[in-house]
Each structure stands twice: as C-alpha cells, then as structure tokens.
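In: Sequence and predicted structure are below.
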Amino acid sequence: MNFRIYSLVFFFVLITSLGKAQEGLPIYTDYLTDNIYLIHPSMAGVANSSQVRLTARQQWLGQDDGPSLMTASINGRIGGYSPSAIGGILYSDKNGYHSQKGAYATYAHHIMFSRNDIDLDMLSFGLSAGFIQYNLDETSFINGGYDPIISGIEQSSTNFNMDLGVSYQFISAYIHATIKNILKNDGINNDIEITNNLRRYLFSVGNVFHTRRLDTDYEPSIMFQYKEGTKETFIDFNFKVYKDFEKSKMYFGLSYRLGLNGSEYLDGSGESEQKLQYLTPIFGLSINQFVFAYTYSYQTNSIVFNNGGYHQFSLGYNFNIRRPKYDGRLPGNN
C-alpha cells in the first residue's frame, strides 16, 4: 500500500513540474466505446488481448467543411503476460480551415499488487510521445484585399509532444489520470498565448456493478477535463449497461457532457449566458473477435451553429487473446 501511495505522489510531482503545452487529439466520447487507451496511455495493454481500433467522426452532416476526425490505434502486451505494453495512435482532424495530423507511440508498465492473477489490484503508468502537424489555410481569407494579421498563405507547424498517464484498478473500480500535451509548442496564428499552451488534464473514475439475477453489468463513471490555455472545464457523466451472450457481448450507454464555463450572448432582452451541453447515446456490439460501436452526440444548447449532430462509428479487432484472469468484471480488462 505504501509503495502505491509513493508512486502516485511521485507521478504527480513529475508531471506538474514539466513545461507548458497544441490541441492534439480531440477528446470526444470515443473512449467509451472500448477504446480507453485513446485518451489514457496507461491503459495500453490492459485488456486480455491486443486491440486494433478505427474510428470515424463527422459533425454537422450537410455542412461544408464540417469538423471531422479519424483515428487508428493499436495496443497490447509485449508477449504473453509481460508487465510491459506498447501502443500507437494515428489521427487526422479537420475543422474548416484548420487541420492537424498526429502520430504517437506509447509504452506502458503494469505493476500487480495482488497475491495471484485472480483478484485485480494493479497500478499502471504510461508515456506517449509523438509528432503533430498543424495546418491553417489562409489563402481565401482576404480575397485580394489586405489585412496585416492575415498572411494569406497556408501555414504549417510540426511539433513534438508527450502525454503521461497513471491508472489504478482494484477488482471492479478504477481511477485514471492523464496530462496531455505537456510540452510547449509553436503557435500557428496570432493568439500565441493560447495556441502554444494546450495542456489538458484528464481524470476518470468509475465502478462496475454486477447483478446476478439479470446477469448484467452496470458501469457509472465520470470524466473530468481541464484545458489550461483557455481555462475551460468539462465534466462527462456516463452510464453503461453490459450484457453477455453465448458468442457476443452488447452494451448501451448514455453520456452527458457539461461545460462549466459559460458563453455570453445577446438574446434581444439583454445579455445571457449558456454552458456547453452534449447528450450522447452509445451502442456497442462485439462478436467473437470483432467490435462495432456507434455514438450520436447532440448539442442541447438553445443557441447552436447547426442543428445537425455528431455521428461516430468505431470498428475493432482483438487478437492474441488470453484467457480472462480477473474475478472483477471490468469490461476493458476482460
């Protein structure tokens, strides 16, 4: 127990002493579709198999140049039941005139505290490092005119950055903490104070409850994130239900994201404020080694750019499958 406490203290002292941070991989609800490694590097290799995951996300269907995101990830143990694991992430993110591409490699190490392999009691550390290329196309901004703050060209910047994460799992409960983009990067527009410091703090906590009568698992969880550069805070409230069948597994879920920082606007009678609110139903299905998931996010605010929602599809494949070895029913582990 003392070693676990000292390890956690050392980790947080280390990551809070590092330098400043670019946006990097956007944080949506794809981590809830059996893809937790996508945001927490310490979860690489935690499952009882190696995993490949592909996701495609499209916002505001029918809107030209609407935001879109594609990711590809792979992670698994380095041979059998080794305590070490590796992973990799590729992604492409587009939003109007802005776009970015990234590639990360991950190393994770898992320390078991339980007396045997049946009861899960594990502390994990993960480090991801990679390159992100940012692009801003200003060629059509001024249409032959002149503006001193607009270059009128396509700007590009490539930066190196790192993510650090720690996880602790005990039987059916878990805690994850990650700091993303811990290094200071170049900016590609004139608001340098924001674009070069996009450090993001993530904290997740949850538990899985099993009902014997229905043979069903329930997983409530919360994910907190804070963006240092813009001082924005978001909280995800999540609830998922899992059901196992003879050769397949299915889950349904609902996620509610609330932004704690309001945006002011004029509504005709004065100044009002609204906070970001997303509601996301989730569906997932796994058959043998194949995984499929779909999420639809709807912004419930009264003032929105477009009434279209956010569609996201996920496909996955599990290989190098090992027998489930934990009595705890954490879906991400078994």
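Out: It's in. What you see is a predicted model, and the numbers here were worked out from it, not measured in a lab.
In: So which residue is smack in the middle of the chain?
Out: I39 (3.3 Å; C-alpha atoms, centre = their mean).
In: I'd say it and T178 touch.
Out: Yes. I39 sits in contact with T178 when judged by C-beta atoms under 8 Å, with a separation of 6.6 Å. For every residue, glycine as well, the C-beta is placed using N, CA and C.
In: Overlap of the contact sets of those two?
Out: Residues touching both I39 and T178 (C-beta atoms under 8 Å, 6 or more residues apart in numbering): L202.
In: quick revisit: not counting its neighbours along the chain, what's nearest the residue nearest to the centre of the chain?
Out: Nearest residue to I39, sequence neighbours excluded (C-beta to C-beta, 6 or more residues apart in numbering): Y31, at 4.7 Å.
In: Pairing partners for Q51 in the sheet, please.
Out: In this entry, Q51 is beta-bridged to N75, N318, by DSSP bridges.
In: tell me the contacts of it?
Out: 34, 37, 73-76, 316-318.
In: ok, of those residues, which come out buried?
Out: For these, a neighbour count by 16 or more other C-beta atoms under 10 Å gives the buried set as 34, 37, 73-76, 316, 318.
In: tally of neighbours for I222?
Out: I222: 12 surrounding residues under other C-beta atoms under 10 Å.
In: got the contact list for it?
Out: 204-206, 235-238.
In: in the sheet, who's paired with it?
Out: V205, F237.
In: The contacts of Q51 into a markdown table, with extra columns for distance to G165 and pLDDT?
Out: As requested, the contacts of Q51 are exported to a markdown table (distance: C-beta to C-beta, whole Å; pLDDT from 0 to 100):
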| residue | distance to G165 | pLDDT |
| --- | --- | --- |
| D34 | 18 | 93 |
| Y37 | 10 | 96 |
| S73 | 14 | 97 |
| I74 | 17 | 97 |
| N75 | 12 | 96 |
| G76 | 17 | 95 |
| G316 | 21 | 96 |
| Y317 | 24 | 96 |
| N318 | 22 | 94 |
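In: quick one: which of these is nearest to Y218?
Out: Distance to Y218 across the contacts of Q51 (C-beta to C-beta) is lowest for D34, with 16.2 Å.
In: which element is R213 on?
Out: Assigned by DSSP states H and E, R213 belongs to no helix or strand.
In: Quick check on it: phi, psi?
Out: Backbone torsions for R213, taken as degrees, to the nearest 10, come to phi -60, psi -40.
In: Kindly report the same for F113.
Out: Dihedral angles (degrees, to the nearest 10) for F113: phi -110, psi -10.
In: now P83
Out: phi -70, psi -10.
In: ok, Y278 touching T295?
Out: No. With contact defined as C-beta under 8 Å, Y278 does not count as touching T295 (10.4 Å).
In: related to what we said a few turns ago, I'd like the contacts of I222 written out as TSV, with distance to T216 and neighbour count added.
Out: Output for those, formatted as TSV (distance: C-beta to C-beta, whole Å; neighbours: other C-beta atoms under 10 Å):
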residue	distance to T216	neighbour count
S204	22	22
V205	21	15
G206	16	18
I235	26	15
D236	22	21
F237	20	13
N238	17	21
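In: among the residues you listed, which two are most distant?
Out: G206 and I235 (13.2 Å).
In: Neighbouring strands of the longest strand along the chain in the sheet, and parallel or not?
Out: The longest strand of the chain (DSSP state E) is strand 248-266. Strand 248-266 sits in its sheet next to strand 232-244 (antiparallel), strand 271-287 (antiparallel), going by DSSP bridges.
In: what does it contact?
Out: Contacts of strand 248-266 (C-beta under 8 Å, 6+ apart): 29, 32, 219, 231-243, 271-288, 295, 297, 303, 331.
In: Since that was my last question, I'll sign off now.
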